[in-house]
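Peer 1: Here you go, sequence then predicted model.
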Amino acid sequence: MSEFGLASNGLHPRDEWVAQRVSGAKCIVPNGTWFYITRLPGYAISRPTFDRWLVDGAVDDGAELRTSTKVTGIARHDGGWRIEANGETIESRILIGADGPASFVARQAGLVRNLERIGAYEYRFRREDVPLLDPEYFLLYIGEAYNGGYAWIFPKGDSVNVGAGGHIDAHAATVDFCRKFGIDVDRRTQTIAGSIPARYDLTALGAPGLAIAGDAAGITNPLNGAGIHPGIFSGRVAGEFAVNALEREDPNSMVGYDQAMKASPFLDPLLFWMIDRIRRWGDRLMNSVGEELDGLDWRAVNPRMIVSVLLRKPWLGIHAREFYRMILALELCDRYGW
Ligand SMILES: Cc1cc2nc3c(=O)[nH]c(=O)nc-3n(C[C@H](O)[C@H](O)[C@H](O)COP(=O)(O)OP(=O)(O)OC[C@H]3O[C@@H](n4cnc5c(N)ncnc54)[C@H](O)[C@@H]3O)c2cc1C
């Protein structure tokens, strides 16, 4: 998560959950050439410790924590929600569905039109078992094999996350990637698998007395699948709407959460447009971009460079609009932080 992502949500990095600091992310194309996607610094974090820290903070502030409690039904009733969990009924004036990509609460509330998810698979290794490791940067390997997704190598203190995700068989892609780059999968220390929202179509993200946050609302960056920062952002905003609704005794004001989320950069239509285009890009195109930008930041692209490239590779001209919008998309991602 970027420094900006933490700071803009009022959080400060803490040694207990920061596994390491990173300087940004690099994109590697199939022929091995690469460019910087971002040089915004940030952190590789330990999710279990981070999540526990967040929950402890909420409990310290008066929240009641119930673990091993599965919500099995919700129903709206006058002025609030009735929630069934572990055979018990809980009455609540406000309900925030932050229940992950399966979106049970959103489905039960009748908000879901369509949920398009992608698979993600990840192995954890010790540092010494990943030869390609860049100790300072997250590495994202793109290629037509990942169909708009990518494989990754993320340094994380003493360990390294290696995985793949996209509209692909993420397990097979992770194993192939490891084989190709000399990473012995038998030396993995942990395996993580799951799904990531790619494009969620909900009638609304907010309703009277209700908000849907994080993966449950499909609030992940469609370009890179990252959902931690969007999850924290949307969770915070949903909480603020809830406090306001309770203080004003106006559950209907929760409806405004939908607009607040749709106006946020995470759900900008440009990012969805861009990922659809990238899914059509072949290795030849990606290699060509990589060769032109090799070792540079995408911000190095300027009119002089474009003219020089087009003189040598006129066939790239038909992608000019996509490249232009790609720069806008990368700028947007850099502005709000990964
Ligand atoms: C392999 C993999 C790698 C990833 N890597 C990254 C990364 O490097 N960076 C990044 O930003 N994002 C990454 N993501 C995405 C990120 O993990 C998610 O976007 C993020 O966890 C979403 O947080 P959330 O709180 O919305 O949902 P979740 O983390 O899914 O939490 C939802 C919670 O709700 C609970 N729940 C579900 N249903 C019920 C129910 N009926 N009753 C009660 N509780 C329920 C679940 O048990 C869970 O605790 C990755 C995802 C995967 C699968």
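Peer 2: Here it is on my side, so go on.
Peer 1: For the protein, what lies in contact range of the ligand?
Peer 2: 70-71, 98-100, 104, 120, 122, 163, 192-194, 196, 214-216, 220, 226-228, 231 (C-beta under 6 Å from any ligand atom). Glycine gets a C-beta too; all of them are placed from N, C-alpha and C.
Peer 1: Out of these, which end up buried?
Peer 2: 71, 98-100, 104, 120, 122, 163, 196, 214-216, 220, 226-228, 231 (16 or more other C-beta atoms under 10 Å).
Peer 1: quick revisit: keep only those of the residues of the chain next to the ligand that are in helices.
Peer 2: Using DSSP state H, the members of the residues of the chain next to the ligand that fall within helices are 104, 228, 231.
Peer 1: Give me the phi and psi angles of the closest residue to the ligand within the chain.
Peer 2: Nearest residue of the chain to the ligand: residue 227, at 1.8 Å (C-beta to the nearest ligand atom). Residue 227 adopts backbone torsions of phi -130, psi 0, taken as degrees, to the nearest 10.
Peer 1: So it sits against residue 200, correct?
Peer 2: No - between residue 227 and residue 200 there is no contact under C-beta atoms under 8 Å: 11.5 Å.
Peer 1: What segments of the stretch 101-250 of the chain are helices?
Peer 2: Secondary structure of the stretch 101-250 of the chain, counting by DSSP state H, counting those that start in this stretch: helices at 104-108, 170-180, 228-247.
Peer 1: So which elements touch the second one?
Peer 2: Contacts defined by 3 or more C-beta pairs under 8 Å, 6 or more residues apart in numbering; DSSP states H and E place helix 170-180 against strand 112-126, strand 150-156, strand 159-166.
Peer 1: Let's have those strands in TSV, adding distance to residue 299 and mean pLDDT.
Peer 2: Formatted as TSV, the helices and strands packed on helix 170-180 follow (distance: least, C-beta to C-beta, whole Å; pLDDT from 0 to 100):
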stretch	distance to residue 299	mean pLDDT
strand 112-126	28	98
strand 150-156	20	97
strand 159-166	26	97
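Peer 1: As JSON lines, these with distance to residue 25 would be great.
Peer 2: Shown next, in JSON lines, are the helices and strands packed on helix 170-180 (distance: least, C-beta to C-beta, whole Å):
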{"stretch": "strand 112-126", "distance to residue 25": "16"}
{"stretch": "strand 150-156", "distance to residue 25": "9"}
{"stretch": "strand 159-166", "distance to residue 25": "13"}
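Peer 1: Which among these is found nearest to residue 326?
Peer 2: strand 150-156 (14.7 Å; C-beta to C-beta).
Peer 1: Pretty sure residue 28 sits against residue 139.
Peer 2: Yes - the pair residue 28 / residue 139 is scored as a contact, 6.0 Å apart, by C-beta under 8 Å.
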